[in-house]
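Trainee: Okay, here's the prediction I keep looking at, along with the sequence it came from:
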Amino acid sequence: MSRHFDPFRQASTGWIFHCDADSFYASCHIAENAALRDRPVVVAGDPKSRHGIIVTANYVARGLGIRTGMNLDAARQLCPQLVAIRPDKALYRRYSQSMQDIFSQYGAHLEPLSLDEAWIDMTELMSFDDDPLPLAEELQMRVRNMVGISVSIGVSINKMLAKQVSDWSKPEGITLLRKQEIPDKLWPRPVSELFGCGPVTAQKMAALGIMTIGDLAKQNVADVMHRFGWHGLALRLRATGDDNSPVVNPKPEDRRSVSAEHTAAYDMVNAEDILGLIGQCAEEVSRHLDQLGLVGYRLGIKWRTRDFVTHTRQIASYGALHRVEDIFRLASRLWLESGEKQAIRLAGVSVSRLEHPSFQLRFWNY
Ligand SMILES: [Mg+2]
């Protein structure tokens, strides 16, 4: 997101929607099996283990006190009739795609934020003079009828505000925030609710007496910039409804990672051989990143043992990765730390969290 932040960008001339599916994972399973509809349903890490952690709970379960993050054992004590389902990523991707197919019929600009959330720029369909509610209701109904799940929609004058308000009336809510309503409706809320305001920033702000979004909105821009840098400026603009970041279609060439992998000619046990294979992958990844003109901030390795089990490890990098030395150093460290003793037959290296070096301003690392 930092890539698209431009404080001097012109404001949108029409409404921006943020659509967010309600208890998405649970909703997908319920859409598949109508018998679950009125029952308390959770998706949990490992339903067979009593300690599986609840990832999502439908609203029936939430009504009984079940919360995300609870362990299954505790949840079953609260609610013995609880239905626990194992996550099914392929199912979620399928529903996500169907939902986005519907969204894409509305706006030329559609920006998915995660599997179950997306922004749609409605500027080409309507201006601020038009009432956006009938369109939001129609969109909500089409997703319910065609995909079988409910979404909540936030409607506002820009992306950040639309995202901010989409969960104000869940499930199956529509919340409209007009520019003139910002002081009454947005400003009394805690500053930590602003998109991009993490706990550390919220704490620093609290120390300066900035508790609500309104407190931040009333701060002098230069002061905020001085204390919190560009990240602070972005938050300050969000507080007044002036963050005009555009809704950006992900381009097909928007890569999420660059990777290389090699299968060994024989089962490798010797550390030197294995590091050689990793080095070969690191070289290819480095070359590819340079060709694309990208750097990355996350490194991953994978290896496959003789029993065909694939293992992975990842690590964040504070420095921008593209040079072969840096990639190899981190990759070999990850490998050595894994303590793998078995023979391996494949190794791979990947670099993700890619950015253009010209956008290296690190908004989120204060
Ligand atoms: Mg959601």
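Mentor: Received the coordinates, thanks. Numbering: from 1, shown residues only.
Trainee: In contact with residue 204, which residues?
Mentor: Applying C-beta atoms under 8 Å, 6 or more residues apart in numbering to residue 204 gives the contacts 227-228. (C-beta placed from N, C-alpha, C; glycine too.)
Trainee: Ok, residue 273 next?
Mentor: Remark: with contacts taken as C-beta under 8 Å, 6+ apart, residue 273 is in contact with residue 264.
Trainee: let's number from 37 now, not from 1
Mentor: That works, and once the first residue is 37, the last one we named lands at residue 309.
Trainee: and it, what are its phi and psi?
Mentor: Taking degrees, to the nearest 10, you get phi -60, psi -40 for the backbone angles of residue 309.
Trainee: partners of residue 120 in the sheet?
Mentor: With DSSP bridges applied, the residues forming beta bridges to residue 120 are residue 78.
Trainee: pLDDT score for it?
Mentor: Residue 120 is assigned a predicted lDDT (pLDDT) of 93.
Trainee: Count the residues that sit near it.
Mentor: Other residues within reach of residue 120 by the criterion other C-beta atoms under 10 Å amount to 20.
Trainee: Next: residue 245.
Mentor: 8.
Trainee: So it, which state does it fall into?
Mentor: Using DSSP: H, G, I helix; E, B strand; the rest coil, the three-state assignment for residue 245 comes out as coil.
Trainee: That one - nearest residue in space that isn't next to it in sequence?
Mentor: With C-beta to C-beta, 6 or more residues apart in numbering as the measure, residue 251 is the residue that lies nearest to residue 245, at 6.9 Å, once sequence neighbours are left out.
Trainee: just residue 366 next, same as before
Mentor: Using C-beta to C-beta, 6+ apart and skipping residues adjacent in sequence, the residue nearest residue 366 is residue 335, 4.6 Å away.
Trainee: Can you name the residues of the stretch 87-236 of the chain sitting close to the ion?
Mentor: By C-beta under 5 Å from the ion, the part of the stretch 87-236 of the chain that sits against the ion consists of residue 152.
Trainee: hang on, the earlier thing: my guess is the residue nearest to residue 245 contacts residue 260, does it?
Mentor: No. Counting by C-beta atoms under 8 Å, residue 251 does not reach residue 260; the two are 11.0 Å apart.
Trainee: Got the confidence number for residue 400?
Mentor: Each residue has a pLDDT score; the one for residue 400 is 35.
Trainee: Sorry, slip of the keys, the one I care about is residue 132.
Mentor: On the pLDDT scale, residue 132 is placed at 93.
Trainee: right, and residue 319 touches residue 361 too?
Mentor: No. Here residue 319 does not reach residue 361: they are 10.3 Å apart, not a contact under C-beta under 8 Å.
Trainee: ok, the two, which is more surrounded?
Mentor: Set side by side, residue 319 and residue 361 show more neighbours around residue 319, with 15 against 9, by other C-beta under 10 Å.
Trainee: related to what we said a few turns ago, now do the same contact list for the residue nearest to residue 245.
Mentor: In this structure, residue 251 makes contact with 227, 241, 245, judged by C-beta under 8 Å, 6+ apart.
Trainee: quick one: the helices in the stretch 287-402 of the chain?
Mentor: Counting by DSSP state H, counting those that start in this stretch, the stretch 287-402 of the chain has helices at residues 307-328, 360-374.
Trainee: which of the residues in the longest one are buried?
Mentor: Burial within helix 307-328, assessed by neighbour count using 16 or more other C-beta atoms under 10 Å, is assigned to 309-311, 313-318, 320-322, 324-325.
Trainee: What values do phi and psi take at residue 123?
Mentor: phi -60, psi 140.
Trainee: Just the pLDDT at the closest residue to it other than its chain neighbours, thanks.
Mentor: If you skip the residues right next to it in sequence, residue 123 has residue 79 as its closest partner in space, 5.4 Å away by C-beta to C-beta, 6+ apart. In this model, residue 79 is scored at 93, pLDDT.
Trainee: Same question for residue 391.
Mentor: According to the per-residue confidence, residue 391 scores 82 in pLDDT.
Trainee: Ok, residue 373 next?
Mentor: According to the model, residue 373 carries a pLDDT of 92.
Trainee: my guess is the residue nearest to residue 366 meets residue 354, correct?
Mentor: No. No contact is recorded between residue 335 and residue 354 when judged using C-beta under 8 Å, the distance being 11.5 Å.
Trainee: who's more crowded, these two?
Mentor: Taking other C-beta under 10 Å, residue 335 and residue 354 do not tie; residue 335 has more neighbours (27 against 8).
Trainee: Let's see stretch 157-177 as CSV, backbone CA atoms only.
Mentor: Taking Å, rounded to 0.1, in the frame of the first residue of the first chain, the C-alpha atoms of stretch 157-177 are listed here in CSV:
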residue,chain,number,x,y,z
ASP,A,157,-14.1,2.3,-7.2
MET,A,158,-17.6,3.2,-8.3
THR,A,159,-16.6,6.5,-9.8
GLU,A,160,-17.5,5.5,-13.4
LEU,A,161,-21.0,4.4,-12.3
MET,A,162,-21.9,7.3,-10.0
SER,A,163,-20.8,10.6,-8.5
PHE,A,164,-21.1,11.9,-5.0
ASP,A,165,-24.5,13.4,-6.0
ASP,A,166,-25.9,9.9,-6.5
ASP,A,167,-27.3,7.8,-3.6
PRO,A,168,-24.9,4.8,-3.3
LEU,A,169,-27.2,2.8,-1.1
PRO,A,170,-29.3,1.1,-3.8
LEU,A,171,-26.2,0.0,-5.6
ALA,A,172,-24.6,-1.4,-2.4
GLU,A,173,-27.8,-3.3,-1.6
GLU,A,174,-28.0,-4.8,-5.0
LEU,A,175,-24.3,-5.8,-4.8
GLN,A,176,-24.9,-7.4,-1.4
MET,A,177,-27.9,-9.3,-2.7
